[in-house]
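Peer 1: Any chance you could fold what I've pasted below:
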Amino acid sequence: MKLRAGCLAGALLVAPVVCEAQARVPRVAVGPFSGTRVEIARSLVASALQERAGEIEFVGVSEYNTAAEGLGYTGQINEEALSAVGRELHVDAVIVGSFERRGTSWRLQVRILRGRDARSEGTASWEVARAEELMSLRPELWDQLSTFLRVDNGNEAPPPRGPVGRRGGSEGPSGPEPGARAGTLGWLEFQLGGGLASRSWRLPVLGEATPRGYENSAYGELQGRAAAYLRWNGDRLGVGLEFRASVPVGLSSLGRSTDLRVIPLATSAAEVLFGASLALRPSQGGFARFGLGVVFHSFSVDTARLVPEMRLAKATYVGLRVGGEAMIPLIASGGFEFGPLFGGELRWVGVGSEQRQAFGSLPGTTLGLGTWLGLCFTMDRIAPGLGLRAVAEFVRYRTNYAGPAAVGTVSDAVDDFTRFIVAATYALGAERPAGAR
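Peer 2: Got it, this is the predicted structure:
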């Protein structure tokens, strides 16, 4: 009988604890938001959660801000800050988000993170045509968020449930994705720069002691690029279209006329690239791009006034191009990245009719190889999508002409183009890395 009484007493003592553990609901806090009208967006999510006091234990915005300030993480939304505040408040989940323009619409994106380590539990997003329509999303918020809210058994010591926290509080600095150390891709990228370029064209005509050719060691050049992307995977992977053009500035040439006087020669050049582009920007930093498309490259010198043995034909190359580039960051911290940039390309192009008529009708195609190397500096902390790059580029076309020729058959012609370009880049729709002010 004594044994039974002891068991019954023990069961009566343990039962309330077990019942309380089984009845515990997720304890949820709302952290910082980024973007435009963040206070409205954050308050909207907070109020939608506060209405579910029986299904979750809500920690108010002001309570979260107080805990973050006490730990020295005011306004920070990186992984270290979120997990530290989450452990301090003993919450099962922390919700952060952003509200920003995306093209012609606005997008509210919310991320649910585990409280003790800021691990991502899920994401949800909504789009509205105008920012003023944000409040219309309120009925849908709970349906989406509730699927990711659960009690974390690894939450060491959740405090007893108390009153529901208060709404409100101030907003901290912005940032896109908690735990990310790099900004995201933009939906529209621009690049504009300039520098020095040179060309060296060597044409060893059969029977000549020295090859004829063209040499211009330095002329100015402007270069522009634009690319539009459809993005996914948290705006870190995109596919779209790319356009790039290069035009000379102050390009001129000199030659000797038939009476041996030095005369100016009308000179023009252009390069245009267009095609599909695949872009990647990992959360760890750096980026990579791959392109497939068409290329048009021409360089023309009017040599009609020169002696016959010095006359050249207009050089034109048109065809397919495949290439890619990547930047590996040596530094990736606080919204800044710095590292080497390298890339390469292959061009399979047709040789212009004027070249083939002058130097040999065969072959009709040739290969062009290109490579570039430089340094890249991204400054998402100053402005999302802002960057600088300094690059040295080199492209070589090598052609073995054969067959009938007006001037004389040329063997192993080499046409080299070199550039030294400094350019600024900017991407519309890119987001700051987490924690960058």
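Peer 1: residues of stretch 76-96 that come out buried?
Peer 2: 76-79, 81-96 (16 or more other C-beta atoms under 10 Å). Glycine gets a C-beta too; all of them are placed from N, C-alpha and C.
Peer 1: quick one: secondary structure of Gly183?
Peer 2: Recorded secondary structure, Gly183: coil (DSSP: H, G, I helix; E, B strand; the rest coil).
Peer 1: ok, back up a step: mind checking which of the buried residues of stretch 76-96 land in helices?
Peer 2: With helices taken from DSSP state H, the overlap with those comprises Glu79, Ala81, Leu82, Ser83, Ala84, Val85, Gly86, Arg87, Glu88, Leu89.
Peer 1: Tell me how far the second one lies from Val94.
Peer 2: Read it as Ala81. Using C-beta to C-beta, to the nearest Å, Ala81 is found at 10 Å from Val94.
Peer 1: So which residue is smack in the middle of this protein?
Peer 2: Nearest to the geometric centre of the chain sits Leu185, at 3.2 Å (C-alpha atoms, centre = their mean).
Peer 1: For that residue, what are phi and psi?
Peer 2: phi -70, psi 150 (degrees, to the nearest 10).
Peer 1: how far away is it from Ala288?
Peer 2: 11 Å.
Peer 1: joint contacts of these two?
Peer 2: The contact sets of Leu185 and Ala288 overlap at Ala279 (C-beta atoms under 8 Å, 6 or more residues apart in numbering).
Peer 1: you'd agree Gly284 is up against Glu337?
Peer 2: Just so we're on the same page, residue 284 is Gln rather than Gly. No - Gln284 is not in contact with Glu337 according to C-beta atoms under 8 Å; the separation is 10.1 Å.
Peer 1: and Tyr397, what does it touch?
Peer 2: Residues in contact with Tyr397, defined by C-beta under 8 Å, 6+ apart, are Tyr317, Arg347, Val349, Thr366, Leu367, Gly368, Val414, Asp415.
Peer 1: could the residues you listed go into CSV alongside pLDDT and neighbour count?
Peer 2: Compiled in CSV, the contacts of Tyr397 are given as follows (pLDDT from 0 to 100; neighbours: other C-beta atoms under 10 Å):
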residue, pLDDT, neighbour count
Tyr317, 96, 24
Arg347, 97, 23
Val349, 96, 21
Thr366, 92, 20
Leu367, 94, 13
Gly368, 96, 21
Val414, 92, 15
Asp415, 94, 23
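Peer 1: Check which helix or strand Arg289 maps to.
Peer 2: strand 287-301 (DSSP states H and E).
Peer 1: which helices and strands does that strand pack with?
Peer 2: strand 267-280, strand 315-327, strand 336-351 (3 or more C-beta pairs under 8 Å, 6 or more residues apart in numbering; DSSP states H and E).
Peer 1: Tell me the first helix or strand C-terminal of the shortest one.
Peer 2: Which is strand 315-327. strand 331-333.
Peer 1: sorry, back to before: out of the ones in helices among the buried residues of stretch 76-96, who's nearest His297?
Peer 2: Of all these, His297 sits closest to Glu79, with 47.0 Å by C-beta to C-beta.
Peer 1: where in the stretch 251-400 of the chain is pLDDT low?
Peer 2: Low-confidence segments of the stretch 251-400 of the chain, defined by pLDDT under 70, are absent.
Peer 1: Run the angle between the longest strand seen in the chain and strand 315-327 for me.
Peer 2: As assigned by DSSP state E, the longest strand anywhere in the chain is strand 212-232. Strand 212-232 and strand 315-327 are oriented at 40 degrees to each other (axes from the mean of the first three to the mean of the last three C-alpha atoms, to 10 degrees).
Peer 1: residues in contact with the following helix or strand past strand 212-232?
Peer 2: Toward the C-terminus, strand 212-232 is succeeded by strand 237-249 as the next helix or strand (DSSP H and E). Contacting residues not belonging to strand 237-249 are listed as 185, 187, 191, 194, 197, 219-232, 267-281, 291, 293, 419 [C-beta under 8 Å, 6+ apart].
Peer 1: so what strands line up beside the longest strand of the chain?
Peer 2: Strands that pair with strand 212-232, judged by DSSP bridges, come out as strand 188-203 (antiparallel), strand 237-249 (antiparallel).
Peer 1: Out of the ones you listed, which gets nearest to Arg396?
Peer 2: Smallest distance to Arg396 across those (C-beta to C-beta): 9.5 Å, for strand 188-203.
Peer 1: returning to that earlier point: would CSV of the contacts of Tyr397 with distance to Phe33 be doable?
Peer 2: Shown next, in CSV, are the contacts of Tyr397 (distance: C-beta to C-beta, whole Å):
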residue, distance to Phe33
Tyr317, 51
Arg347, 47
Val349, 51
Thr366, 56
Leu367, 53
Gly368, 49
Val414, 58
Asp415, 55
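Peer 1: Now flag whichever of those is closest to Leu254.
Peer 2: Of those, the one sitting nearest to Leu254 (C-beta to C-beta) turns out to be Asp415, at 19.6 Å.
Peer 1: Quick check: end-to-end length of stretch 95-108?
Peer 2: By C-alpha to C-alpha, to the nearest Å, the extent of stretch 95-108 from end to end equals 13 Å.
Peer 1: Could you pull out the buried residues of it?
Peer 2: Ile95, Val96, Gly97, Ser98, Phe99, Glu100, Trp106, Leu108.
Peer 1: Cross those residues against strands and list the overlap.
Peer 2: Using DSSP E, the buried residues of stretch 95-108 in strands are Ile95, Val96, Gly97, Ser98, Phe99, Glu100, Trp106, Leu108.
Peer 1: Got the confidence number for the fifth one?
Peer 2: What the model reports as pLDDT for Phe99 is 87.
Peer 1: Residues contacting stretch 255-265, please?
Peer 2: Contacts of stretch 255-265 (C-beta under 8 Å, 6+ apart): Ser252, Ser253, Leu254, Val301, Asp302, Thr303, Arg305, Leu306, Val307, Met310.
Peer 1: Please narrow the residues you listed to those residing in strands.
Peer 2: If you go by DSSP E, those have Ser253, Leu254, Val301 in strands.
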